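Visitor: sequence first, then the predicted structure, then my questions.
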Amino acid sequence: MSRQYFGTDGIRGRVGEPPITADFVLKLGWAAGRVLGDRHGSGQVLIGKDTRLSNYMFESALEAGLSAAGLDIRLLGPMPTPATAYLTRTLRANAGIVISASHNGHHDNGIKFFSGDGFKLDDAAEQAIEAMLDEPLTTVSSSALGKASRLMDAPGRYIEFCKHSLSNGVRLDGMTLVVDCANGAGYQVAPAVFEELGARVIRIANQPDGLNINVGCGSTHPEALQAAVQEAGADAGLALDGDGDRVIMVDGSGAVLDGDQLLWIIARQRHNDQALQGPVVGTQMSNLGLEQALDGCRIPFMRARVGDRYVLEMLQANGGLLGGESSGHIVCLDRTTTGDGVVSALQVLEAAVRGNRSLGELAAGMSRLPQHMVNVPIARDSRPMEDTRVSQAVAALERHLGDAGRVLLRPSGTEPVLRVMVEGEDADRVQRLAGELAEQVAAFCGQRAPALDN
């Protein structure tokens, strides 16, 4: 059954435009309540959110819809997405709902669901909710309406959970950290975690006003973090995204460590501790340098489709515990059930503390290979991947690169372009080859010169 609203990470769009409207979200809350109520009987649903101004409206809409379906609601307030997943599991709730558009600006928003076990809602449940959206909204009797209350100790519960993700006895005493909260969901709890573990914390982008989430800050804009680390002479810095499930880090010199490098550091520490099970899972976009570094340690590596949902699916199917994306969405299944920026950063810092090494030294074991990507405009109904000429051109370039490079063609999920990526050892050569392949693909698709995306 195809899904009309749910994507790989819930439902997302522009505020005020279908489906991200107050009336739709009210109906969505009701539909979810009906499905979850039928599955579990009476119960409660947690609602967490980031700091977007529109979340006041959507929180109220979800609350009304769930109440009409007869489910109780526990409001968490601004809390990272992984905090909602954790609290859903530990409070034995029917489900958790997060109102957030992750790293997007305030003009976007979205709704994503967690099941009672803290994992993303399964396909069958999402399809059942979509089917219920076609039914007329009915309200339970007035005596059966759901009640709403606020979980006052939610921040403290999550802070303790994060701290306990470290090995016994590991602390951050004597360490100076810059924490970029992206003016998002982690602005209160994230700095507190590191402070309670003994670090001196310098907070930036921790003054949300409802509109400044992810604006010039956070994991997609590390420039301010780099400058703050260097100015303060800090040991390291970390930047979350708007809902706190991603993290990138900066070493003491100001160099950025992306998700691939952080995944490498965590994987090697787990491997040294003999605590790594199954393969490490990356995505089609993971840097070849990560694969090569892991291979040097005899750590198996697999690539999933782009999206943390697919990383998690591959980990579960192959008995793995650790996976992630270059964007900084890292899943440590031996610690939690979903990507968690704070928990991931703590795993990296533990490796630094235990090895008495800087982040730069830890990352040095992996060499990132140059990548170059070109966006080729395509018609929305075209299927260039099925064109024999395209597949032949890709195969020829793959033979030319051999084991020293990679070629990837991937249709965008949000715009009518085909992403043409080439990876190899020489940056200039990679850029030239990517441009040549993009020109060939554009010609096959009947398009003009492609737009560059460095």
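Guide: It's in.
Visitor: report the beta-bridge partners for residue 120.
Guide: Applying DSSP bridges to residue 120 gives these bridge partners: residue 114.
Visitor: where in the stretch 301-450 of the chain is pLDDT low?
Guide: Low-confidence segments of the stretch 301-450 of the chain (pLDDT under 70): 413-414, 446-450.
Visitor: how far away from the center of its chain is the host helix or strand of residue 264?
Guide: Counting by DSSP states H and E, the element that carries residue 264 is helix 259-272. Centre-to-centre, helix 259-272 and its host chain are 17 Å apart (C-alpha atoms, centre = their mean, to the nearest Å).
Visitor: buried set for that helix?
Guide: Neighbour-count burial for helix 259-272 flags 259-271 (criterion: 16 or more other C-beta atoms under 10 Å). No exception for glycine: its C-beta is placed from N, CA and C like everyone else's.
Visitor: and for stretch 284-302?
Guide: 284-291, 293-294, 299, 301-302.
Visitor: and these, which is closest to residue 389?
Guide: Ranked by distance to residue 389 (C-beta to C-beta), those are led by residue 284 at 21.7 Å.
Visitor: quick check on residue 73: phi, psi?
Guide: The phi/psi pair for residue 73 (degrees, to the nearest 10) reads phi -130, psi 140.
Visitor: against which helices or strands is the helix holding residue 264 packed?
Guide: Packing contacts for helix 259-272, counted by 3 or more C-beta pairs under 8 Å, 6 or more residues apart in numbering; DSSP states H and E, involve strand 247-251, strand 280-283, helix 288-296, strand 322-324, strand 330-332, helix 341-355, helix 359-363.
Visitor: could you dump the buried residues of helix 259-272 into TSV with distance to residue 106 and pLDDT added?
Guide: Shown next, in TSV, are those (distance: C-beta to C-beta, whole Å; pLDDT from 0 to 100):
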residue	distance to residue 106	pLDDT
259	24	97
260	29	97
261	30	98
262	27	98
263	29	98
264	33	98
265	33	98
266	32	98
267	35	98
268	38	97
269	37	97
270	37	97
271	41	97
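Visitor: can you redo these as TSV with distance to residue 228?
Guide: Shown next, in TSV, are the buried residues of helix 259-272 (distance: C-beta to C-beta, whole Å):
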residue	distance to residue 228
259	21
260	23
261	20
262	19
263	24
264	24
265	21
266	24
267	28
268	28
269	26
270	30
271	32
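Visitor: returning to what we had before: make JSON lines from the buried residues of stretch 284-302 and add distance to residue 366 to it.
Guide: Shown next, in JSON lines, are the buried residues of stretch 284-302 (distance: C-beta to C-beta, whole Å):
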{"residue": "284", "distance to residue 366": "18"}
{"residue": "285", "distance to residue 366": "16"}
{"residue": "286", "distance to residue 366": "11"}
{"residue": "287", "distance to residue 366": "8"}
{"residue": "288", "distance to residue 366": "10"}
{"residue": "289", "distance to residue 366": "5"}
{"residue": "290", "distance to residue 366": "6"}
{"residue": "291", "distance to residue 366": "10"}
{"residue": "293", "distance to residue 366": "4"}
{"residue": "294", "distance to residue 366": "8"}
{"residue": "299", "distance to residue 366": "12"}
{"residue": "301", "distance to residue 366": "12"}
{"residue": "302", "distance to residue 366": "17"}
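Visitor: just want the angle from the helix holding residue 264 to strand 247-251.
Guide: Interaxial angle, helix 259-272 versus strand 247-251 (axes from the mean of the first three to the mean of the last three C-alpha atoms, to 10 degrees): 80 degrees.
Visitor: ok, now which ones touch residue 172?
Guide: Residues near residue 172 by C-beta atoms under 8 Å, 6 or more residues apart in numbering: 194, 197-199, 349, 353.
Visitor: returning to that earlier point: of the helices and strands packed on helix 259-272, which is nearest residue 151?
Guide: helix 341-355 (18.7 Å).
Visitor: excluding sequence neighbours, find me the nearest residue to the spatially most central residue of the chain.
Guide: The centre of the chain sits closest to residue 329, judged by C-alpha atoms, centre = their mean, with a distance of 4.1 Å. Spatial nearest neighbour of residue 329, chain neighbours left out: residue 339 (4.3 Å); criterion: C-beta to C-beta, 6 or more residues apart in numbering.
Visitor: doesn't that neighbour fall inside a strand?
Guide: No: using DSSP: H, G, I helix; E, B strand; the rest coil, the assignment for residue 339 is coil, not a strand.
Visitor: begin at 306, not 1, for the rest of this chat.
Guide: All right, first residue 306 from here; so that's residue 644.
Visitor: that one against residue 638, yeah?
Guide: No: with contact defined as C-beta atoms under 8 Å, residue 644 does not count as touching residue 638 (10.6 Å).
Visitor: looking at those two, which one has more neighbours?
Guide: Neighbour count, other C-beta atoms under 10 Å: between residue 644 and residue 638, residue 644 has more, with 30 against 18.
Visitor: residues contacting the more buried one?
Guide: Neighbouring residues of residue 644 by C-beta under 8 Å, 6+ apart: 386-387, 550-551, 613, 629, 634-636.
Visitor: let's see that with 10 Å instead.
Guide: Contact analysis of residue 644 by C-beta atoms under 10 Å, 6 or more residues apart in numbering lists 385-387, 390, 546, 548-552, 564, 613, 616-617, 628-630, 632-637.
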